[in-house]
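J.: below are the sequence and a predicted model for it; my questions follow.
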Amino acid sequence: MIPSTTKVHSTTNEHQHQQPSFMTTMSITTTGRSSECRRRRRKKEEKSSKIKNFFDNLLVGKSDPSDFSKAWRKKFSKHPSWCDADMCLQQINSDNAYGNRLALYSRALFQKALFHLGKFVQKWPKSIIVLGIIVLLICCYWLKDVKIETDLVKLWVEQGGRLDEEMAFLPKSKEKYYLQKQLREEKQINGTEEHRKNKKREAVRVSEIPTDSANFGGGFQVVIQTPEHPNMNMLTREALIKHVNILEQIANYSVEVFGETWYLSDICFKPPPPTASKDVLSQLIEEIMAQIIPCVWITPIDCFWEGSKPLGPFPPLDLGPAAQFVPSVSNGLLSWKTLNPEKLLNSVRSLIDVTMVSDLFERAGIGAAYQDRPCIDPLDPDCPSSAPNYFDRCQAYAKFKEWNNALPEQNKIKLEQISKKEEISKPLRKREVTTNTSLNLFSNTSNNSTTDDLADYYDNNDDDKSETTESPEKKLQRQMLEECNKYGISFMKWINENRSRLMEFLSESDKLILPQYPNYGEQLTGGCKGFGKNIMHWPEDLIVGGIERDSNGFIRHAEGFQTVFLVASAGDVQHRISHAKSPNYKTKIDKNHFTTTHASVIIQTWQRSFTKRLYEHELNKPSEGIRVVHPLASTSISEMLEQFSEFQFGTIFIGYILMIIYAGWSQLQWDGFWFSSRSSCLLAVVGVLMITFASVAGLGVATAMGINFNAATTQIVPFLTLGLGIDDMFLLLHNYNDVLEAVKEKEVAVLLKETGMSILITSINNILAFITGCILPIPALRSFCGQTAILLTSNVLCIIMLYPAFIALDLKRRKAGYRDMLCGVDYCYRFVSSQLNKLLNNIHLGKENWKKAAAEIN
């Protein structure tokens, strides 16, 4: 290297002058950098040395190997940091070992704290036990405020989620509305025309807002109809009619509460009636609307006219003198089976202002309600003439009469004739009071209907006039219509009882006369609509189950029907009763003192009756293994949750007894006729009982923190916390015997020093895991995680502080050599034995002394 450098230097004079300067600068720079690095390294070493010295002075040198036995030293050589981190650091400082100082410092800190805790507990065991029991009893005091949550919504609806927001929409909207209304009223001047118009418009809006904010939280009832045999198709007339009959029966179920009879219509959810003006006729219409508005239920029969049958009212509403103002209602009897709301409003439009009601009906899409829907059974005598598959019984009766007259006298069918009074008491259908219908008896003419041609039939004063002025053809038509009206209902009953004989008087050429049964699967495809077609659409999968479709996508097979009844909340029922406008409504109830508590009792009583009656329904035959009708009410779910949420004390008792037996058996050591002094059975039993006590106290703390109980609290948490707490107890008992062999003093301190670290790490990890679960949005899971975290915290505190006090007492027993599981009996036995021995020795000594004295005397 040096010769080559000399050669380079001698080549050029310029290089000879520059090279020494460059080498000198580089040498100075390198020397400066190395000295700077050494200074930084020295400062870092000094700083780390200060930190190391601080922790060494605080944590290292507190343990002396001479204090332990050879067995402990052997265990230390295999698990050094687990036994004593202080001694590990001593070995590292002596360059006899190496390891992670940071981990050892942290472990040494915990072991030092646990060691001092153990010393304190071993010094004052009885005081700590008494104080601990007092604290646990105080925690148990809050159990008197335990509340078991059985509301399905409060348990499983995500807080802040979409469903929670939708359920809170109504009360929020109502609050916002009234706030805006108040602000508007403050700005407006009372008495102006614009203010009166605004108040009129607001009255309509208010009527559309449910009175109670929890209206949709009242509950629900479900009835499910299934076939008698598996895989049976339910898309039949018989199955659908069965469902209609079931709903009619449910609508008429009643219970006696507070001296009144309560029906489904009294507790179900109903849309609020529209608010009308203050004139007499408008108030009359409003009162009628309040009574005729039906319950809201989700049912497959809403696809058909028969969906109106269960809606009632039962009996039909008799308008009485008010019938003269609503001429569209025949005979003054109002029922959804015959009600056409659109015609009703049109008939009274000239008398009163029904603009608001008409707008509301139009927006809801009520229209003709059920009158324009197909009939499940067109042979039903009440099937309206406006139904798409209406069966014209008068045309069929003409064919039947011709066929029946041709039969021999003994085979003729005799129909019952209804009286004119009975006939008038039954609402007449449009097509039955038209001349065009009678014309169709003999010819296939147009179906244009006029109601005036036959209205005089019921007027006796016009009979003579009609007989002298009408043509023979019209007279024959009138007579045939009269006969049809007299025998029509009896004729329809006969057809329903003898459906197979229908083709005996009808032929294939009479296709227009034959009853037209709808395609039930096609009608149910896509769901059904309630009486408000624009706002009430029931999804297909909510009302029909076990669906199979054909190639066109229509339902061809179904195995179940489901109807859901919406139940009003207690607040809504209370408002409905307290603000009833009819003075004859529930007269035995003191409406001024009727509360939501009373309403809740009525609702729950009715729902329980509903469930019981449907379980005992005539279609259910448990003896034959047939169950067709399946009820489910919101109270049923609440009662099931309440039943599952109850503490099964028998099960818990058996579980804890088995755990006590297992824990005691695992610590058993036998010696002769009884447990040996080295046995720890009593300590294990006390540990199980202490953990149980700690868990109960933890539940009290959870109650004080406002955490409600649920099914998970009563069925899972006790056993879960018991298992995790017993695990920590067994760790202490396992190391208990080893520590007694290793040290002769401060045994509890050493025990906590070696075992407490593992207990703390596992317990803290479990507690943090459950605390993390408290962020779950589901209330039931959040309560479960919170309660478990509290119980685990209570358990670990008792295991670390209270249980070592029992170990300290047991340690005294061991050192005294008393047998286990005697609870002082062995001590008493030894004390009595020693006293007896002393007495016997004294007696023996007295005898010897007496003998000596006697010998001296002799």
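T.: Cool, the structure landed. Only a predicted model underlies this, so the values are computations on that prediction, with no experimental measurement involved. Residues are numbered from 1 along each chain as shown.

J.: G786 versus A568, what's the distance?
T.: Relative to G786, A568 is positioned 34 Å away (criterion: C-beta to C-beta, to the nearest Å). Using the backbone N, CA and C atoms, a C-beta is placed for each residue, glycine as well.

J.: of the two, who's got more company?
T.: It is A568, of A568 and G786, that has more neighbours when counted by other C-beta atoms under 10 Å, with 28 against 18.

J.: which is the next helix or strand following the strand or helix carrying A780?
T.: According to DSSP states H and E, A780 maps onto helix 779-797. Stepping forward along the backbone from helix 779-797, the first helix or strand reached (DSSP H and E) is helix 803-816.

J.: just how off-centre is that following helix within its chain?
T.: Per C-alpha atoms, centre = their mean, to the nearest Å, the displacement of helix 803-816 from the mean C-alpha position of its chain is 50 Å.

J.: go on, stretch 120-140?
T.: Between the centre of stretch 120-140 and the centre of its chain there are 41 Å (C-alpha atoms, centre = their mean).

J.: got the buried residues for that stretch?
T.: Buried residues in stretch 120-140, defined by neighbour count with 16 or more other C-beta atoms under 10 Å: F120, V121, Q122, P125, I128, I129, G132, L136, C139, C140.

J.: go on, stretch 402-416?
T.: For stretch 402-416, a neighbour-count test (16+ other C-beta under 10 Å) marks N404, L415 as buried.

J.: how is the chain partitioned into domains?
T.: 1-60, 123-148+646-823, 153-208, 218-376+519-637, 393-504 (automatic domain parsing).

J.: any chance of those in TSV, with distance to N837 and mean pLDDT too?
T.: TSV is the format used below for the domains of the chain (distance: least, C-beta to C-beta, whole Å; pLDDT from 0 to 100):
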stretch	distance to N837	mean pLDDT
domain 1-60	53	51
domain 123-148+646-823	17	87
domain 153-208	69	62
domain 218-376+519-637	73	85
domain 393-504	106	61
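
J.: nearest residue to the middle of this protein?
T.: If you average the C-alpha coordinates of the chain and look for the closest C-alpha using C-alpha atoms, centre = their mean, you land on L152, 1.8 Å from that point.

J.: which residue packs closest to that residue, ignoring adjacent ones?
T.: I637 (5.5 Å; C-beta to C-beta, 6 or more residues apart in numbering).

J.: what's the helix or strand for that neighbour?
T.: helix 634-645.

J.: packing partners for that helix?
T.: When contacts are defined as 3 or more C-beta pairs under 8 Å, 6 or more residues apart in numbering; DSSP states H and E, helix 634-645 sits against helix 152-156, strand 219-225, helix 596-615, helix 711-715.

J.: dump the C-alpha coordinates for that helix into PDB.
T.: Listed in PDB are the C-alpha atoms of helix 634-645, where the atom choice follows Å, rounded to 0.1, in the frame of the first residue of the first chain:
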ATOM      1  CA  SER A 634     -95.900 -11.600  22.500                       C
ATOM      2  CA  THR A 635     -96.800 -12.600  26.000                       C
ATOM      3  CA  SER A 636     -95.900 -16.200  25.100                       C
ATOM      4  CA  ILE A 637     -92.400 -15.100  24.200                       C
ATOM      5  CA  SER A 638     -92.100 -12.900  27.300                       C
ATOM      6  CA  GLU A 639     -93.400 -15.700  29.500                       C
ATOM      7  CA  MET A 640     -90.900 -18.200  27.900                       C
ATOM      8  CA  LEU A 641     -88.100 -15.700  28.400                       C
ATOM      9  CA  GLU A 642     -89.200 -15.100  32.000                       C
ATOM     10  CA  GLN A 643     -89.400 -18.800  32.600                       C
ATOM     11  CA  PHE A 644     -85.900 -19.300  31.200                       C
ATOM     12  CA  SER A 645     -84.600 -16.300  33.100                       C
END
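
J.: helix or strand right after that helix?
T.: Once the chain leaves helix 634-645, the next helix or strand it forms, by DSSP H and E, is helix 649-666.

J.: buried sites along that next one?
T.: If you call a residue buried by 16+ other C-beta under 10 Å, then helix 649-666 has these buried ones: I652, Y656, M659, I660, A663, G664.

J.: do the same with stretch 777-791
T.: For stretch 777-791, the buried set under the neighbour-count rule, 16+ other C-beta under 10 Å, comprises 778-791.

J.: off-centre distance for it?
T.: Stretch 777-791 sits 16 Å away from the centroid of its parent chain (C-alpha atoms, centre = their mean).

J.: let me see the contact set for the closest residue to L247 other than its chain neighbours.
T.: Closest residue in space to L247, ignoring its immediate chain neighbours: P310 at 3.9 Å, by C-beta to C-beta, 6+ apart. For P310, the contact set (C-beta atoms under 8 Å, 6 or more residues apart in numbering) comprises V244, L247, E248, I250, A251, W297, I301.

J.: for ChimeraX, write a command that selects the buried ones of those residues.
T.: Selecting just the buried residues from the contacts of P310 in ChimeraX takes one command, with 16+ other C-beta under 10 Å as the test:
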select :244,247,250,251,297,301
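
J.: distance to G320 added to the contacts of P310, as CSV?
T.: Listed next are the contacts of P310 as CSV, based on distance: C-beta to C-beta, whole Å:
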residue, distance to G320
V244, 29
L247, 28
E248, 25
I250, 29
A251, 23
W297, 29
I301, 31
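
J.: F784 touches I716, doesn't it?
T.: Yes: F784 lies in contact with I716 (C-beta atoms under 8 Å); the separation is 7.2 Å.

J.: checking my notes, F561 in a strand, right?
T.: Yes: following the definition DSSP: H, G, I helix; E, B strand; the rest coil, F561 is counted among the residues of a strand.

J.: and it, what are its bridge partners?
T.: Bridge pairing for F561 (DSSP bridges) gives the partners Q225, V544.

J.: where's it relative to G545, distance?
T.: According to C-beta to C-beta, F561 and G545 sit 8 Å apart.

J.: what of N620?
T.: N620 is 18 Å from G545, where distance means C-beta to C-beta.
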